[in-house]
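K.L.:
What would the 3D arrangement of this be:
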Amino acid sequence: MKQWRIPTVIGAFVIAILGSALAFVLWQVPQGVAQEQQPMLTYPPQDPTPTVGPNPTVMPALASVILAEATFDTPEALDAWEVVDLEFVLADNRANWQVSDGRLVQNRAGLAFSPSIHQTAALIGDETWRDYTVQVSFYDQLNGTAGLIARYQGDDPLTATYYRYRIIKNSFRDTPRQVLERVERGVAVPLAEVQQVGFEERMWHVLSMQVVGNAIEVRMNGEVMLQAVDANPLPAGKAGIATRAVGTILFDDVVVVTP
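P.N.:
Okay, the predicted model is just below:
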């Protein structure tokens, strides 16, 4: 009687183990299938970062004398320029300008190369220049502000006198988008403004500013943007390129010519 009971118990134990194993397998299969069917995380398509195209073809200016010309083919081209901060900044936050890949680049500010919204300029020439046109090609990536300087005089940018033109990109909400102003000892007096027309970023534009006597005219891509007459004109001075020390803006093909 005991011999019959022992095999029966063993058989029941084996059946129980097999049943548990089968249940475990059946439980695992749906879980694995569900995991395989989970949707994958996808991102919306994004446009590739635009590359900087070739410089625009600039028509040669009709002039009696070329006062200055720069294409920034070598880093030494920067030696002819004077970099200034047009607003008060600490010594360790001054604007950085450099020549890179054949272009003049505003490269933010300070040793950390951090973006700063203060206005900066690169000047060329001397204070005897009177009547001339300064022209530059620019390509804005993210900066948003481009400009020109004429008849700059002074050793200290905070007390200097000059004409300054600035234009901001169309995607900015600020207005006016263009301003031509006379600056004396840090005080800017607007001479002319344009409320709505700015520039499109990530494409080349050609800016020029002409000063003859008391008349000032600004063009972009050959089209007249602003005109003004200064009743008490600044006498003479250096020419320059202006922007903000935010970086990510390129300049090239600078020329200063007499009318």
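
K.L.:
What average pLDDT does stretch 249-259 get?
P.N.:
Taken as a whole, stretch 249-259 has a mean pLDDT of 97.

K.L.:
and that stretch, which residues are buried?
P.N.:
249, 250, 251, 252, 253, 254, 255, 256, 257 (16 or more other C-beta atoms under 10 Å). The C-beta positions use only the backbone N, C-alpha and C, and glycine is treated the same way.

K.L.:
do the same with stretch 209-228
P.N.:
Residues of stretch 209-228 classed as buried: 209, 210, 211, 216, 217, 218, 219, 220, 225, 226, 228 (neighbour count, 16+ other C-beta under 10 Å).

K.L.:
Likewise for stretch 128-143?
P.N.:
129, 132, 133, 134, 135, 136, 137, 138, 139, 140, 141, 143.

K.L.:
Then stretch 109-118?
P.N.:
Buried residues in stretch 109-118, counted by 16+ other C-beta under 10 Å: 109, 110, 116, 118.

K.L.:
Which residue is the nearest non-sequential neighbour of the last one?
P.N.:
With C-beta to C-beta, 6 or more residues apart in numbering as the measure, residue 87 is the residue that lies nearest to residue 118, at 4.5 Å, once sequence neighbours are left out.

K.L.:
tally of neighbours for the one you found?
P.N.:
The number of residues packed near residue 87 is 15, by other C-beta atoms under 10 Å.

K.L.:
check contacts around it.
P.N.:
For residue 87, the contact set (C-beta atoms under 8 Å, 6 or more residues apart in numbering) comprises 118, 119, 158.

K.L.:
Distance to residue 104 added to these, as JSON lines?
P.N.:
Output for these, formatted as JSON lines (distance: C-beta to C-beta, whole Å):
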{"residue": "118", "distance to residue 104": "18"}
{"residue": "119", "distance to residue 104": "16"}
{"residue": "158", "distance to residue 104": "24"}
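
K.L.:
any idea which of those is the one closest to residue 148?
P.N.:
Within the contacts of residue 87, proximity to residue 148 (C-beta to C-beta) peaks at residue 119, which comes in at 12.4 Å.

K.L.:
gap between the closest one and residue 240?
P.N.:
Applying C-beta to C-beta, to the nearest Å, one obtains 11 Å for the distance of residue 119 from residue 240.

K.L.:
again, but for residue 215
P.N.:
Distance of residue 215 to residue 240, computed by C-beta to C-beta: 19 Å.

K.L.:
Kindly report the same for residue 170.
P.N.:
In this view, residue 170 and residue 240 are 24 Å apart by C-beta to C-beta.

K.L.:
Which members of the buried residues of stretch 209-228 are positioned in helices?
P.N.:
Here DSSP state H is the test, and these give no hits in helices at all.

K.L.:
Which members of these are the farthest-apart pair?
P.N.:
Pairwise across the buried residues of stretch 209-228, and taking C-beta to C-beta, the largest span is found between 211 and 220, at 16.5 Å.

K.L.:
picking that back up, mind putting the contacts of residue 87 in a markdown table, pLDDT included?
P.N.:
Rendered in a markdown table, the data for those read as follows (pLDDT from 0 to 100):
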| residue | pLDDT |
| --- | --- |
| 118 | 98 |
| 119 | 98 |
| 158 | 96 |
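
K.L.:
Residue 103: which of those is nearest?
P.N.:
Sorting those by how near they are to residue 103, with C-beta to C-beta, puts residue 119 at the top with 20.2 Å.

K.L.:
That closest one touches residue 246, doesn't it?
P.N.:
No: taking contacts as C-beta atoms under 8 Å, residue 119 lies outside contact range of residue 246: 10.3 Å.

K.L.:
what distance separates stretch 236-253 from the middle of the whole chain?
P.N.:
Here the centre of stretch 236-253 is set off from its chain's centre by 12 Å, with C-alpha atoms, centre = their mean, to the nearest Å.

K.L.:
swap in stretch 192-212?
P.N.:
Chain-centre distance of stretch 192-212: 15 Å, with C-alpha atoms, centre = their mean.
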